[in-house]
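Novice: pasting the sequence and the predicted coordinates here, then a few questions.
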Amino acid sequence: MAGIAVSATINGDSVEYLCQPDETLLDVLRDRLGLTGAKEGCGTGDCGACSVILDNRLVCSCLVLGAEAEGRRVETVEGMAHGDKLHPLQQKFLEHAALQCGICTPGFLIAAKDLLAKNPDPTEEEIRFGLAGNLCRCTGYDKIVRAVQDAATVMKGA
Amino acid sequence: MRYIRPLSIEDAVGQLAGSAGTAAILAGGSDLLVRMKGGFVEPDLIVDIKSIAGLSEIRETAEGFSIGAAVPCAVLGESAALKKAWPGVVEAAKLIGSKQVQGRCTITGNLCNASPAADSVPALVAAGARASIVGPGGRRTIAVASVPTGPGKTSLAKGEIIEAILLDKRAPRSGDAYLRFIPRTEMDIAVVSAGVNLTLDEHGVIKAARVALGAAAPTVLLVEEAAEALIGRKLDEAALERLAKVCFGACRPIDDKRGTIEFRRKVAGVLARRAATSAYARAGGK
């Protein structure tokens, strides 16, 4: 089967790919484009490990068809660092040890990036509420919340 | 399986009506893709309606609001005018799923998924919302309450698409509210829920009321007797008590792991009371 031809912009680059009609954007990213940052946790939109930003909206890429990305902008965790320079959120996740097994981390980073883009100075409650669509079974969330708070401070000063 | 992205509603209707096998409409996909993944549905045709002109817009008209079928719930929360006129509808829509799901899910999809526990539906029914439907026979408008006919079932015929949900322009001194009970703090399915919509006269006396209960029967319940308990009175303790009692009696819920029949009936009354109190305050009642 030839599949559907799709042109999209992924992390600022024009990308073309072929996909099947029932293939999710997550499968396209991981299996066709080699962008394995987004993870499949549940595959049903509950865990947020596959979070990406689609035209400025945070979405679960497991709940988007690959074909739907035609003409749209996709941001994944691979687009966060600039060369060797980590994004402040990535840096603060490391400093605060806001991860253990790491499966949820790309989703948290992207969700936190979207949160801070829309609300640069969130309260702790707003952070917890804004990241409620991302599940972490290791950290107990406190370290993640503190890393996001710290990153927000750094980014405001930048 | 075929995936198509028609540019006009007429084309979408034609493709759906002419399809031989199972066809599915795709807007946000937060129900459809989960059902596909679980193997519960394998459509032969997926009709993505997001490229159809106008379907991704909220329009404010002389009659009120028209919320396009492809408008994600996150956008409802960003519309100041809609939030001001119909805060209960917006708060119900905002309760669906996580931030990630909010960026995709739609109230039309919530309605057509026909879950008895759908959050936006009791609020829409309380609001007296209508669904504008396009089908092979042309356009028709029906009450939102007439769309779901049972769990997972709707009254839509083959080839029909809901293009928009219509909300009336607000009368002065009106307010609505929606509340649900879940055992967690967020991101859960309603165990039972209540939507209340009130309009008051100059003296704070309720002159119009609609009360709808969710997850209390196979489809959303519009409780006429609950409205009667409120109309012609201020929202005093006696009115609230009668409202709760009527809602308790009107429920026909199921018994399951998330709540017993007795619990759901009791909580339906409590939520109706609280939603009425909130709607009354929003309408300017004291």
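Specialist: Now that the structure is in, tell me what you want to look at. None of the values given here were measured: they were computed from a predicted structure. Residues are numbered from 1 along each chain as shown, chains lettered A, B, ... in the order given.
Novice: in chain A, where is pLDDT below threshold?
Specialist: Residues of chain A that meet the criterion pLDDT under 70 lie in A:1.
Novice: so which residues on it come close to chain B?
Specialist: Listed as neighbours of chain B in chain A under the rule C-beta under 8 Å from any C-beta of the partner chain: A:4, A:20-22, A:24, A:43-45, A:48, A:51, A:54, A:57-60, A:62-65, A:67-68, A:70, A:111, A:114-115, A:129-130, A:132-134. Using the backbone N, CA and C atoms, a C-beta is placed for each residue, glycine as well.
Novice: of those, buried ones?
Specialist: A:4, A:20-22, A:24, A:43, A:45, A:48, A:51, A:54, A:57-60, A:62-65, A:67-68, A:111, A:114-115, A:129-130, A:132-134 (16 or more other C-beta atoms under 10 Å in any protein chain shown).
Novice: can you flag which of those belong to helices?
Specialist: Residues of these located in helices (DSSP state H): A:111, A:114-115, A:129-130.
Novice: with those in mind, which one is nearest to chain B?
Specialist: Ranked by distance to chain B (C-beta to the nearest C-beta), those are led by A:Gly130 at 6.0 Å.
Novice: measure the closest one to B:Gly28 for me?
Specialist: Distance from A:Gly130 to B:Gly28, counting by C-beta to C-beta, to the nearest Å: 19 Å.
Novice: and what of A:Ala8?
Specialist: Distance from A:Ala8 to B:Gly28, by C-beta to C-beta: 18 Å.
Novice: with neighbour numbers in mind, choose between the two.
Specialist: Between A:Ala8 and B:Gly28, B:Gly28 has the larger neighbour count (other C-beta atoms under 10 Å in any protein chain shown), namely 28 against 21.
Novice: please name the nearest non-neighbouring residue to the more buried one.
Specialist: Spatial nearest neighbour of B:Gly28, excluding adjacent residues (C-beta to C-beta, 6 or more residues apart in numbering or on different chains): B:Arg104 at 3.7 Å.
Novice: A:Leu63 too?
Specialist: What sits nearest to A:Leu63 in space, not counting adjacent residues and going by C-beta to C-beta, 6+ apart, is A:Gly45, at 4.5 Å.
Novice: give the contact list for the one you found.
Specialist: Going by C-beta atoms under 8 Å, 6 or more residues apart in numbering or on different chains, A:Gly45 touches A:60, A:62-63, B:30, B:33-34, B:97-98, B:100-101.
Novice: before we move on, what about B:Ile261?
Specialist: By C-beta under 8 Å, 6+ apart, the contact list for B:Ile261 reads B:251, B:253-255.
Novice: how far away is it from B:Val211?
Specialist: Distance of B:Ile261 to B:Val211, computed by C-beta to C-beta: 20 Å.
Novice: still on that earlier bit, the contacts of B:Ile261: which two are farthest apart?
Specialist: Spatially, the most separated pair among these is B:Cys251 and B:Asp255, at 11.9 Å (C-beta to C-beta).
Novice: more neighbours: which of the two?
Specialist: B:Cys251 (21 against 11).
Novice: OK, contacts around residue 130?
Specialist: With no chain named, the answer covers chain A. By C-beta under 8 Å, 6+ apart, the contact list for A:Gly130 reads A:111-112, A:115, A:119, A:122, B:99.
Novice: actually, chain B is the one I wanted.
Specialist: Counting by C-beta under 8 Å, 6+ apart, B:Arg130 makes contact with B:141-144, B:165-166.
Novice: low pLDDT regions in chain B?
Specialist: For chain B, applying pLDDT under 70 flags no range at all.
Novice: for the residue in it positioned nearest to chain A, which non-adjacent residue is closest in space?
Specialist: Nearest residue of chain B to chain A, counting by C-beta to the nearest C-beta: B:Ser98, 2.4 Å away. When the adjacent residues along the chain are set aside, B:Ser98 lies closest to A:Gly133, with 2.4 Å between them (C-beta to C-beta, 6+ apart).
Novice: gap between that neighbour and B:Ala227?
Specialist: On the measure of C-beta to C-beta, A:Gly133 and B:Ala227 end up 36 Å apart.
Novice: again, but for B:Thr260
Specialist: Separation of B:Thr260 from B:Ala227 (C-beta to C-beta): 27 Å.
Novice: more neighbours: which of the two?
Specialist: Counted by other C-beta under 10 Å, B:Thr260 and B:Ala227 do not tie: B:Ala227 has more neighbours, with 21 against 14.
Novice: quick check, the more buried one in a helix?
Specialist: Yes - per DSSP: H, G, I helix; E, B strand; the rest coil, B:Ala227 lies within a helix segment.
Novice: pretty sure it contacts B:Ala212?
Specialist: No - applying C-beta atoms under 8 Å as the test, B:Ala227 and B:Ala212 come out as separate, 9.8 Å apart.
Novice: picking up where we left off before, out of the contacts of B:Ile261, who's near chain A?
Specialist: Here nothing survives when these are matched to chain A using C-beta under 8 Å from any C-beta.
Novice: would you reformat those as TSV and include secondary structure?
Specialist: Below are these laid out as TSV (three-state DSSP):
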residue	secondary structure
B:Cys251	coil
B:Pro253	coil
B:Ile254	coil
B:Asp255	coil
